[in-house]
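Participant: need the 3D shape of this:
(3 chains)
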Amino acid sequence: MSSLLADLNPQQLAAITLPHQSALVLAGAGSGKTRVLTTRIAYLIQSGQVSPYDILAVTFTNKAAKEMLTRISAMLPINIRGLWMGTFHGLCNRMLRAHHQAAGLLPAFQILDSSDQLAMIKRVLKSLTVDEKEFPPRQVQWFINNAKEAGLRAKNIEVNDNMTRQMAAFYLAYEQRCNKEGVVDFPELLLRSYELLNRNETLRIHYHDRFKHILVDEFQDTNRLQYKWLKLLAGMDSETCAAVFVVGDDDQSIYAFRGANTGNMVEFEHDFKISKIIKLEQNYRSQATILDAANALIQNNSGRLGKNLWTAEGKGAPLRVHNAPNDFDEAAFIIDEIKALQAEGVALSQIALLYRSNAQSRVLEHSLFSAALPYRVYGGMRFFERQEIKHALAYLRLIANPDDDNALLRIINFPARGIGARGLEQLQTIAREQGGSLWAAALHKYGGEAMLSGESEKPKKGVAEFVRLITSMRQDCAALPLPQIIKQMLTQSGLMGHYHIEREGADRLENLNELINAALSFIHEAEDDSLSAFLAHASLEAGEHQTGSIQDGLQLMTVHAAKGLEFHSVFLSGLEEGLFPHENSRNEVNGLEEERRLMYVAITRARHRLYLSFAQTRMLHGQTRYNVPSRFLNEIPESLMRWSQSVQKTKDGYSEFNIKKRLFDLTIPNSELGKTGVMSQQTQGVQWRIGQAVSHNKFGTGKIVNYERQDGNARVQVNFDRSGMKWLLLEYAKLTPV
DNA sequence: CAGCCCACATTTTTT
DNA sequence: ATGTGGGCTG
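Facilitator: Numbering: from 1, shown residues only, chains lettered A, B, ... in the order given. A predicted model of the protein is given here:
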């Protein structure tokens, strides 16, 4: 016990050893949040207060859940089976499978991921002969998910206008389709589980009695429905109300765009009658200068719960800020500094290159490639989202559940077996007439024929062949272990053969083989090793973002993806108005504050060094954009920063301070953002600015892309349409504005 | 039925 | 600039 509680600060200790009562822990970045959560669980068990069976712990990602389990196992010598630890969706899935009948679901109900859901919606819209131009499927998806997260069924939607009436009708049709096919989407897991508990008193009491402690990680990311679910599960009004221990940081709430509701923290404080918020403000990650910058920045937000990070460590180096003429120069600066860090002995894997949007990685990657620096980009396609894996899973889903039309449609003609639109239409007509699934229709039309053709006869084509294939797979899999089922399916379906022939198929073949391995490890780890359980696992956990990681490479990712991580050094690039803060955030409620929190997250990733940079011009969507430095740079105290500019720009003798000042003096008001250039200046009564179109009698027309001043002589760089890039002295060159 | 071409968008993302 | 999805042609 003593070792468990060693080296904790007073606030951490208070949180961990809190008696049986609900608590709100405001945990700053790098304040040992995960340690507090895991240690509290270990403490509760080890002190004999409760058994693992009495605890439920919720996280947002499978990765976080896995890590917490590992850490708890390391602290406790006992078996912690029985502890419910997982994501909201994972836990709801578990509950729904345990009570599938009460929840009105098939025992083998399948889970649609977002792309499956979209496909389903498209199908429903098509069956209603809706014009997709008028009602984009994505918008319908958004509507349905929002309704579900508000706890609303289609019939409960309040209809006041025509648009809502239409949407509610689509929702209803979609709901019916899902029920018929035995599938549930992500928000449905939550809503079903909520409704089940709400309506079924026996079950509700069972879980109230069981879970004496509920712990929630990243509470600021919960949406309305998740919070309602928590309240219901905790049994707020019952005598046996669980102690709900939530940990979060309102300053790191960066997922409002997907429904996260920071208001839940305030509501929680009220609903659970929290008398005193526990604040973890001591930071064990970053040096003081970095924290000072983060604190100063975030103070510009309103309505915070309030928190100031501090550290016992030293000040550390100032933030390096770089003003680059363009995105290539910005990348060059980053590479120079990376090499310097490398020379200091910093491992490349301890250096992160962060950016606001994925598109920015391109230029960085290009430069890193030229500089022969190894790197790894996070994001992109994940294992279970790959096309070939989705196809394989569709076969498995159809084996597990014949009514899964989504799955059938995906693979009935993949690999191609001569079933076209015509054949499909026939099936769809039969299905509609019979009110059954496509599979039932196929069986009805071709079942007899398919069954007649024995192994020895020549293979049937088309639907008959498909029916025979799936039927035989279904028979085989009854007796086989999961990896064998998959292995057989991959060969018999022709998937292996198909990718074997395809030119670019090698990677896909490798992934298919990896699927067998995934099944192998699944049956070793999971309590339920059935096919349905594996399919649920595949939907709920999309797997690693990238295969084949580089051991010592730079880490490239968006700021969002960096949340929760830390690095020795962090480069944050693209600090320009319109990019960070992103221009789209201007149209969103509290959009700017969310961007600022995102900036706060970015800053607090760094342990020792933080580099901030912006480019005056940048290629975006195939067009050059002229940028103003991000306002966030202005919100960081000057005393914490050291400015630099690329060498060719500083030789004009301007002090770094002046360079900065010159840029900021010309900062353009919000209303003009994105329309005009970075700076302007007076020459012989003419106003020149970057981005301005000009004409020259010899070179023709072009655009001003840069300017500098030397000994009182101003020069501008013009990109001429015909003659290319030229530096011109304003005094001599006769330029005329166009 | 597959391949090609054009229109189109393009912040952030987990389950 | 670059990828994706839908519609049309061989």
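Participant: any idea how far the residue lying closest to residue A:366 once chain neighbours are set aside lies from DNA strand B?
Facilitator: Ranked by CB to CB, 6 or more residues apart in numbering and with sequence neighbours excluded, the top spatial neighbour of residue A:366 is residue A:331, at 7.3 Å. Glycine gets a C-beta too; all of them are placed from N, C-alpha and C. Between residue A:331 and DNA strand B the computed distance is 18 Å (CB to the nearest atom of the strand, to the nearest Å).
Participant: show me the contacts for residue A:105.
Facilitator: When contacts are counted by CB atoms under 8 Å, 6 or more residues apart in numbering, residue A:105 touches A:96, A:182, A:184, A:192.
Participant: adding secondary structure, write those residues out as TSV.
Facilitator: What follows is those, written out as TSV (DSSP: H, G, I helix; E, B strand; the rest coil):
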residue	secondary structure
A:96	helix
A:182	coil
A:184	strand
A:192	helix
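Participant: which of these are buried?
Facilitator: For these, a neighbour count by 16 or more other CB atoms under 10 Å gives the buried set as A:96, A:182, A:184, A:192.
Participant: which residues touch the residue of chain A found nearest DNA strand B?
Facilitator: Among the residues of chain A, residue A:420 lies nearest to DNA strand B; the distance is 1.5 Å by CB to the nearest atom of the strand. Residue A:420 is in contact with residue A:413, counting by CB under 8 Å, 6+ apart.
Participant: parallel or antiparallel, list what pairs with the biggest strand by length in chain A.
Facilitator: Longest strand in chain A by number of residues (criterion: DSSP state E): strand A:606-620. Within its sheet, strand A:606-620 is paired with strand A:319-326 (parallel), strand A:567-572 (parallel), strand A:623-626 (antiparallel), according to DSSP bridges.
Participant: is the closest residue to DNA strand C within the stretch 301-450 of chain A in a helix, a strand, or coil?
Facilitator: Closest approach between the stretch 301-450 of chain A and DNA strand C, counting by CB to the nearest atom of the strand: residue A:362, at 6.7 Å. Using three-state DSSP, the structure places residue A:362 in helix.
Participant: neighbours around it, how many?
Facilitator: 13 (other CB atoms under 10 Å).
Participant: which parts of the stretch 51-200 of chain A are helices?
Facilitator: Per DSSP state H, counting those that start in this stretch, the stretch 51-200 of chain A carries helices over the ranges A:62-75, A:88-98, A:114-127, A:137-149, A:162-181, A:186-199.
Participant: can you put those helices in CSV and add mean pLDDT and distance to residue A:299?
Facilitator: Shown next, in CSV, are the helices of the stretch 51-200 of chain A (pLDDT from 0 to 100; distance: least, CB to CB, whole Å):
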stretch, mean pLDDT, distance to residue A:299
helix A:62-75, 95, 29
helix A:88-98, 97, 32
helix A:114-127, 91, 37
helix A:137-149, 95, 32
helix A:162-181, 94, 41
helix A:186-199, 98, 35
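Participant: I'd like those as a markdown table, with distance to DNA strand C appended.
Facilitator: Listed next are these as a markdown table, based on distance: least, CB to the nearest atom of the strand, whole Å:
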| stretch | distance to DNA strand C |
| --- | --- |
| helix A:62-75 | 24 |
| helix A:88-98 | 23 |
| helix A:114-127 | 6 |
| helix A:137-149 | 8 |
| helix A:162-181 | 16 |
| helix A:186-199 | 19 |
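Participant: of these, which is nearest residue A:531?
Facilitator: Residue A:531 sits nearest to helix A:88-98 of all the helices of the stretch 51-200 of chain A, at 13.1 Å, using CB to CB.
Participant: report all helices and strands that the closest one contacts.
Facilitator: Under the contact criterion of 3 or more CB pairs under 8 Å, 6 or more residues apart in numbering; DSSP states H and E, helix A:88-98 touches strand A:55-59, strand A:84-87, helix A:186-199, helix A:224-234, helix A:531-540.
Participant: specify the beta-bridge partners of residue A:727.
Facilitator: Going by DSSP bridges, residue A:727 is paired in beta bridges with residue A:717.
Participant: re the thing from before, tabulate the strands paired with strand A:606-620 in a markdown table, adding columns for mean pLDDT.
Facilitator: Shown next, in a markdown table, are those (pLDDT from 0 to 100):
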| stretch | mean pLDDT |
| --- | --- |
| strand A:319-326 | 96 |
| strand A:567-572 | 98 |
| strand A:623-626 | 91 |
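Participant: just say which of those is most tucked in.
Facilitator: Ranked by mean neighbour count under mean count of other CB atoms under 10 Å, the strands paired with strand A:606-620 are led by strand A:567-572, which reaches a mean of 25.
Participant: so that strand, near DNA strand B or not?
Facilitator: No. Judged by CB under 7 Å from any atom of the strand, strand A:567-572 makes no contact with DNA strand B; its nearest approach is 13.9 Å.
Participant: all set now, cheers.
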